[in-house]
Each structure stands twice: as structure tokens, then as C-alpha cells.
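> Fold the following, please.
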Amino acid sequence: MTGMLALYIFMLAAFTGYEVISRVPVILHTPLMSGSNFVHGIVLVGAMVALGHAQGPLELTIGFIGVVLGAGNAVGGYVVTERMLEMFKSSGQNKNKGAH
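Residues are numbered from 1 along each chain as shown. All right, here's what the predicted structure looks like:
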């Protein structure tokens with residue numbers, strides 16, 4: 001794959017991703033975030049595989065950075081989802097406590 005082709009694919013993916021995300025209603029962002037955590041896990045596994053096949057210090061460094069950023073992205077997604085679910089759980093429990 002040539003550099004220009006890779007750049008074209010990256011630009012096309014970035015534009016398409018921006019257009020798709022910008023058209024999602026606000027109410028659906030949290031469920032989509034929760035569903036995308038699965039994709040973040042796949043990215044993390046791919047980064048670990050790439051790190052495993054790395055040769056030389058530059059490739060090892062880039063692979064390590066990819067694994068760290070992928071792990072942070074996956075963990076952050078789960079933390080945000082957990083906080084959102086906790087907000088809904090708390091409001092439901094407060095209503096039940098007031099009824100007793």
C-alpha cells in the first residue's frame with residue numbers, strides 16, 4: 001500500500017466518521033458509546049498483536065504507545081458508561097426510598 005493510498009483511506013475514514021457522528025441525536029450518544037466499547041477492545045487486541053510483531057526500537061515504541069492509548073480508550077469508555085448507568089440507577093432508587 002502506498003503512502004498516498006493510506007492517506008486517502010485515512011482522510012475518507014475521518015470524513016465519514018465525522019459525518020456519521022455529527023448526525024447522531026444527543027439522546028443516542030450514550031448507548032452508542034457503550035456499544036463502541038467492544039470496538040475499542042478489538043483495537044486494543046490489534047495493538048497488542050502489532051506490538052508482538054514489532055522489530056526495532058521505533059516499532060516497539062509506537063506499538064507500546066498504541067497499546068497504552070487503546071487501553072486508556074477502552075477503560076475510559078467503560079468508566080463513562082458506568083457513570084451514566086449509575087446516574088440512572090441513583091434516580092430510580094431515590095424514588096423508591098421516598099415511597100417507603
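> in this structure, what spans have low per-residue confidence?
Counting by pLDDT under 70, the chain has low-confidence residues at 1, 26-31, 33-35, 90-100.
> Would you mind measuring from the residue nearest the centre of the chain to residue 5?
By Cα atoms, centre = their mean, the chain has its centre lying nearest to residue 40, at 4.3 Å. Taking Cβ to Cβ, to the nearest Å as the measure, residue 40 falls 26 Å from residue 5. For every residue, glycine as well, the C-beta is placed using N, CA and C.
> ok, now residue 32?
On the measure of Cβ to Cβ, residue 32 and residue 5 end up 30 Å apart.
> for the longest helix that the chain contains, packing partners?
Secondary structure of the chain per DSSP state H: the longest helix is helix 57-99. Where contact means 3 or more Cβ pairs under 8 Å, 6 or more residues apart in numbering; DSSP states H and E, helix 57-99 is packed against helix 29-52.
> quick one: contacts of the helix it packs on?
The contact list for helix 29-52 (Cβ atoms under 8 Å, 6 or more residues apart in numbering) reads 24, 60, 63-64, 66-67, 69-71, 73-74, 77-78, 80-81, 84.
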